[in-house]
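Novice: got a predicted structure here, sequence first:
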Amino acid sequence: AQKITQTQPGMFVQEKEAVTLDCTYDTSDPSYGLFWYKQPSSGEMIFLIYQGSYDQQNATEGRYSLNFQKARKSANLVISASQLGDSAMYFCAMRMDYNYGQNFVFGPGTRLSVLP
Amino acid sequence: DGGITQSPKYLFRKEGQNVTLSCEQNLNHDAMYWYRQDPGQGLRLIYYSQIVNDFQKGDIAEGYSVSREKKESFPLTVTSAQKNPTAFYLCASSMGGGGYAKNIQYFGAGTRLSVL
């Protein structure tokens, strides 16, 4: 069965510093996608970034980048130059390409707190 | 603006009562999903629908029911059979089809359900 592990329940970072949120996954399927979502206190899930298993380069979206290490089955999110508004829960998710239900498997999340 | 609208934002249920959570999208997405989130935890899939008039059970469908009569709408009914309904409920949609980009799920702002 597919599984997502996020081992950091909570993280603190100083404003303007970079932070890495860990995500490891378990799947035997060769083709899959990895996603990161941000959930602020308001509750809405905001899509941040995705990476395909066959993508050669690590994905980047503005201040977000995904450090994808396929052999280690890890897909860590790097946030550069943290801002106070980055304080939120962050969820890593995975979808298998052959999962015709198109549903995601979510990790338990990491709560990030940005300190002024 | 395109997006996903969930209503109400807060909902209270009495013992033995069925309640319905609304989810509407104007993104022209084929697939829609319902998730449940308990405090401090990730998301668990309740039901999903890939096309009008068709839907499948997710991991925790017991005590819930859905319908998909229109592409834009995917209401969730929490029945009296669901003995522990207090949670945050999130609706999502995606374009469907193949390719990871097309399968990004976009979420509504959620409905917080409590039992009186």
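Specialist: Done, it's in.

Novice: for chain B, what lies in contact range of chain A?
Specialist: B:31, B:33, B:41-45, B:48, B:50, B:56, B:58, B:88, B:90, B:92, B:94, B:96, B:98, B:100-101, B:103-110, B:112 (Cβ under 8 Å from any Cβ of the partner chain). In short, each C-beta sits where N, CA and C put it, glycine included.

Novice: among those, which lie within strands?
Specialist: Members of the residues of chain B next to chain A lying in strands (criterion: DSSP state E): B:31, B:33, B:43-45, B:48, B:50, B:56, B:88, B:90, B:92, B:94, B:106-107, B:112.

Novice: which of these has the most neighbours?
Specialist: Comparing these by number of neighbours (other Cβ atoms under 10 Å in any protein chain shown), residue B:43 comes first, having 29 neighbours.

Novice: next up, the contacts around it.
Specialist: A:45, A:91, A:104, A:106, B:35, B:36, B:37, B:90 (Cβ atoms under 8 Å, 6 or more residues apart in numbering or on different chains).

Novice: just checking, the first one touches residue B:89?
Specialist: Yep, that's residue A:45 we're talking about. No: counting by Cβ atoms under 8 Å, residue A:45 does not reach residue B:89; the two are 12.0 Å apart.

Novice: pLDDT wise, what is residue B:16 at?
Specialist: For residue B:16, the model assigns a pLDDT of 86.

Novice: what's the neighbour count on the residue nearest to it when sequence neighbours are not counted?
Specialist: If the residues on either side of it in the chain are set aside, residue B:16 comes closest to residue B:80, at 4.8 Å by Cβ to Cβ, 6 or more residues apart in numbering or on different chains. When neighbours are defined as other Cβ under 10 Å, residue B:80 has 14 of them.

Novice: and residue B:80, what element?
Specialist: Using DSSP states H and E, residue B:80 maps to neither a helix nor a strand.

Novice: ok and the residue in chain A nearest chain B?
Specialist: Relative to chain B, the nearest point of chain A is residue A:33 (3.5 Å; Cβ to the nearest Cβ).

Novice: run through the bridge partners of that residue.
Specialist: residue A:52, residue A:95 (DSSP bridges).

Novice: which residues touch the residue nearest the centre of chain B?
Specialist: When Cα atoms, centre = their mean is applied to chain B, the residue found nearest the centroid is residue B:34 (2.6 Å). By Cβ under 8 Å, 6+ apart, the contact list for residue B:34 reads B:21, B:23, B:45-48, B:58, B:64, B:66, B:74, B:76, B:89-92.

Novice: please redo it, this time with the cut-off set to 7 Å
Specialist: Under the criterion of Cβ atoms under 7 Å, 6 or more residues apart in numbering or on different chains, the neighbours of residue B:34 are B:46, B:47, B:66, B:76, B:89, B:91.

Novice: which of those residues count as buried?
Specialist: Applying 16 or more other Cβ atoms under 10 Å in any protein chain shown to the contacts of residue B:34, the neighbour count classes B:46, B:47, B:66, B:76, B:89, B:91 as buried.

Novice: can you tell me the distance between the two ends of stretch B:71-78?
Specialist: Start-to-end span of stretch B:71-78 (Cα to Cα, to the nearest Å) is 21 Å.

Novice: please apply the same query to stretch A:88-104.
Specialist: Stretch A:88-104 has its terminal residues 20 Å apart, counting by Cα to Cα.

Novice: list the contacts of the helix or strand of chain A with the lowest mean pLDDT.
Specialist: Across the helices and strands of chain A, mean pLDDT, DSSP states H and E gives its lowest value to strand A:105-106, namely a mean of 89. The set of residues external to strand A:105-106 that reach it, using Cβ under 7 Å, 6+ apart, is A:2, A:3, A:4, A:91, A:93, A:94, B:42, B:43.
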